[in-house]
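K.L.:
Quick one: sequence plus predicted model below, questions after.
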There are 2 protein chains.
Amino acid sequence: MQSRFYTLTHYPDGMPDREQFALETQTLPELVDGEVRIRNHWLSVDPYMRGRMSGFRTYIAPFELGTPMEGGAIGEVIASNHPKVKVGNKVSHMGGWRDIAQLPGDSVTPLPDSDIPEQAYLGVLGMPGMTAWTGLNLIAECKPSDNVLVSAASGAVGSLAVQLAKAKGCHVVGIAGAAHKLAWLESLGVEPVSYRDRTAQELSDAIMLASPDGIDVYFENVGGICLEAALSQLNEGARIALCGMIDGYNAKTPTPGPSNLAQLIVRKAKIQGFIVADHWASYRYFLNEVTPQIAEGKLDYKETIREGLESTPDAFLELFEGANTGKMLVKLI
Amino acid sequence: MQSRFYTLTHYPDGMPDREQFALETQTLPELVDGEVRIRNHWLSVDPYMRGRMSGFRTYIAPFELGTPMEGGAIGEVIASNHPKVKVGNKVSHMGGWRDIAQLPGDSVTPLPDSDIPEQAYLGVLGMPGMTAWTGLNLIAECKPSDNVLVSAASGAVGSLAVQLAKAKGCHVVGIAGAAHKLAWLESLGVEPVSYRDRTAQELSDAIMLASPDGIDVYFENVGGICLEAALSQLNEGARIALCGMIDGYNAKTPTPGPSNLAQLIVRKAKIQGFIVADHWASYRYFLNEVTPQIAEGKLDYKETIREGLESTPDAFLELFEGANTGKMLVKLI
């Protein structure tokens, strides 16, 4: 059986382009003991993957050039040499960027039995959702009385962060760009603020208008002017959960940080970076809390879907143009 | 009786100059009930005072133009209308920038009975010492196994931070400029690193050489290239106690922050700002721990002393040139 997969041809400097991804074909070897073969239905593309294209180790190894890329995926088991993984099982795993994956059965996770569409386990009930929950609860220790600000608030992570904060009873402000994203945020009861065509000072003023009592918790996905604007609006004891800084991921030269970090002193505030993988032991608490809210339609989630394996590189690159509302996915079947 | 005191004539833009301080004389009114009159022996000048010259409220009100400036001071009570404060008592208080202070007796703190020179209660046993202890213990939660980095390491705060960390058993690197400061740090068992004539990258490389196992705790007093260099050397789970950012206090225009804040994500690290006043309830724990070490000569401290009330503005301005080793003080008597 053949597998079609993407490899990285070289490590990009600045914004990657389409030519850095090569579609290759391989005839899969026989399953060895413990292995399973999966037909992928859905592939995930996520901003963090840019970090694996840098050629050096950060908190995770870089993609190896010329070998199948990796990423979150959902598929159905079509062959198994593993005692606990059965043909027909739906599983989530890291063998993405390809149509057929062959992996150790121990490395795949069966999907819970539910009526929730399977691709939700790549988004609102998967890594991005768990990231939002972790940042808000475990890092920022968000309380019902907090005024919460979220950047990239209509993205896969941000859109769950704003809703989890709303569900707690917080006053929530969400930063986004496009009009339809701002409208969606407003429909969720979030105060929408646009970053478009604004200086950091102007964005800061807009945040102040949207949250006159200041900001206690900032869920940060962007960096750039969003961070500078937020720092100027912090209340005493504010907590910033630093999840991502997509603004700088494709910078060819270092981009300066905010000029007002001293606000952290004045406001006795903290910024804390985190990686969701470190908190995976709490995934079941997240699922227990969020799954019923998804099943009952209390939490809204959106997907931006591209079709076909060949669309995967473009779907990934579009993340940096803000093309997605909610989770960006590639649908294979 | 007359009091000579400094007032601020206007709020400086950028580096203050000598003309922004006016020496004035006032005939003190009769003591009202509860008041005490103090002949100051020692005045403190500290970097944080620059923040009170900005004309707007931060965590503390700005100096009011044309009224006596304030600051830490040590003196002897020469008249009292307060039942608990006696003539002859040595006290610390906030009526600095003047020779004779007249204040509510409730606002002054009697010095402990000890053989330690009284001015130590403005430095190593006072606010700067407590700041070092608080940042290291309460904010950065420093443990004996930590690799510790301190900027402005020969200053009033930094020089105690490095020694408290050494006393815990930590490996300690101290950043300073002048050769005699680096030599002092070395004599304390601290790895000295100069920031002079270095880029952030060069400073980062020097820190790596001095602390090959990375940095777990960074006590930050400076900002600028020190912060950028430190961020590149953080270990996983590193804690940065953000005490001050003197590098930017006199900037006329905003100076960009570090370009590598995303290291906080990769290293799952945190930066936390703090103000020592919030932790004053723990001052007695600090005194209990540090006073015996001072009395036994186990902790070294230096003072840079200017003489006479008229030298106060210059002593303050010299802080921003790095003229002080240890605590900068003005001796009146």
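P.N.:
Done, it's in. Numbering: from 1, shown residues only, chains lettered A, B, ... in the order given.

K.L.:
hey, which helix is longest across chain A?
P.N.:
Using DSSP state H to define each element, chain A has its longest helix at helix A:283-295.

K.L.:
Summarise which helices and strands that one is packed against.
P.N.:
helix A:127-133, helix A:158-168 (3 or more Cβ pairs under 8 Å, 6 or more residues apart in numbering or on different chains; DSSP states H and E). Using the backbone N, CA and C atoms, a C-beta is placed for each residue, glycine as well.

K.L.:
Is A:Leu103 in contact with A:Gly95, as I believe?
P.N.:
Yes: using Cβ atoms under 8 Å, A:Leu103 is in contact with A:Gly95, at 5.0 Å.

K.L.:
If you count surrounding residues, which of those two has more?
P.N.:
Set side by side, A:Leu103 and A:Gly95 show more neighbours around A:Gly95, with 26 against 19, by other Cβ atoms under 10 Å in any protein chain shown.

K.L.:
if we can go back for a sec, of the helices and strands packed on helix A:283-295, which approaches chain B most closely?
P.N.:
helix A:127-133 (11.3 Å; Cβ to the nearest Cβ).

K.L.:
chain center to the helix or strand just after the closest one: distance?
P.N.:
Scanning forward in sequence from helix A:127-133 by DSSP states H and E, the next helix or strand is strand A:147-150. Distance, stretch centre to chain centre, for strand A:147-150: 18 Å (Cα atoms, centre = their mean, to the nearest Å).

K.L.:
Keeping just the C-alphas, turn strand A:147-150 into CSV.
P.N.:
Extracted as CSV, the C-alpha positions of strand A:147-150 are listed here (Å, rounded to 0.1, in the frame of the first residue of the first chain):
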residue,chain,number,x,y,z
ASN,A,147,-11.3,41.1,33.2
VAL,A,148,-9.9,39.0,30.4
LEU,A,149,-8.2,39.9,27.1
VAL,A,150,-7.4,37.4,24.4
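
K.L.:
buried sites along the host helix or strand of A:Glu318?
P.N.:
A:Glu318 belongs to helix A:312-318 when elements are defined using DSSP H and E. Buried residues in helix A:312-318, counted by 16 or more other Cβ atoms under 10 Å in any protein chain shown: A:312-313, A:315-318.

K.L.:
Repeat that for stretch A:10-17.
P.N.:
Neighbour-count burial for stretch A:10-17, counted by 16+ other Cβ under 10 Å, picks out A:12, A:16.

K.L.:
So is it next to chain B?
P.N.:
No: counting by Cβ under 8 Å from any Cβ of the partner chain, no contacts exist between stretch A:10-17 and chain B, the nearest distance being 14.8 Å.

K.L.:
Distance from that stretch to the middle of the chain?
P.N.:
That offset, for stretch A:10-17, works out to 20 Å (Cα atoms, centre = their mean).

K.L.:
mind checking the end-to-end distance for that stretch?
P.N.:
In stretch A:10-17, first residue to last residue: 11 Å (Cα to Cα, to the nearest Å).

K.L.:
Can you lay out the buried residues of helix A:312-318 as CSV showing distance to chain B and pLDDT?
P.N.:
What follows is the buried residues of helix A:312-318, written out as CSV (distance: Cβ to the nearest Cβ, whole Å; pLDDT from 0 to 100):
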residue, distance to chain B, pLDDT
A:Thr312, 25, 98
A:Pro313, 23, 97
A:Ala315, 23, 97
A:Phe316, 19, 97
A:Leu317, 20, 96
A:Glu318, 21, 96
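
K.L.:
Shouldn't A:Pro62 be within a strand?
P.N.:
No: with DSSP: H, G, I helix; E, B strand; the rest coil as the criterion, A:Pro62 is coil rather than part of a strand.

K.L.:
and chain A, which of its residues are near chain B?
P.N.:
Close to chain B, as judged by Cβ under 8 Å from any Cβ, chain A has residues A:51, A:58-59, A:223, A:227, A:236, A:242-245, A:248, A:254-275, A:278.

K.L.:
Just the residues you listed: which are in strands?
P.N.:
Among the residues of chain A next to chain B, the members falling in strands (DSSP state E) are A:236, A:242, A:270-273.

K.L.:
ok, these vs A:Glu307, which is closest?
P.N.:
A:Glu307 has its nearest neighbour among these in A:Leu242, at 33.9 Å by Cβ to Cβ.

K.L.:
Can you name the residues that contact the closest one?
P.N.:
The contact partners of A:Leu242, taken as Cβ atoms under 8 Å, 6 or more residues apart in numbering or on different chains, are A:220, A:271-274, B:261, B:264-265.

K.L.:
what's the pLDDT at the spatially closest residue to it that is not a sequence neighbour?
P.N.:
Closest residue to A:Leu242 apart from its sequence neighbours, by Cβ to Cβ, 6 or more residues apart in numbering or on different chains: A:Gly273 at 4.3 Å. What the model reports as pLDDT for A:Gly273 is 98.

K.L.:
A:Glu307 too?
P.N.:
Looking at A:Glu307, its pLDDT stands at 98.

K.L.:
same deal with A:Ala251?
P.N.:
87.

K.L.:
Name all residues that make contact with the residue nearest to the spatial centre of chain A.
P.N.:
Ranked by distance to the mean C-alpha position of chain A (Cα atoms, centre = their mean), the top residue is A:Pro128 at 4.0 Å. When contacts are counted by Cβ under 8 Å, 6+ apart, A:Pro128 touches A:46, A:122, A:155-157, A:160, A:327.

K.L.:
re earlier: now the two most distant members of the contacts of A:Leu242.
P.N.:
A:Phe274 and B:Leu261 (13.8 Å).

K.L.:
out of those two, which sits in the busier spot?
P.N.:
Legend: neighbour count by other Cβ under 10 Å for A:Phe274 and B:Leu261, higher for B:Leu261 (24 against 21).

K.L.:
so A:Asp115 sits right up against A:Gly297, yeah?
P.N.:
No: A:Asp115 lies out of contact with A:Gly297 (Cβ under 8 Å); the separation is 11.6 Å.
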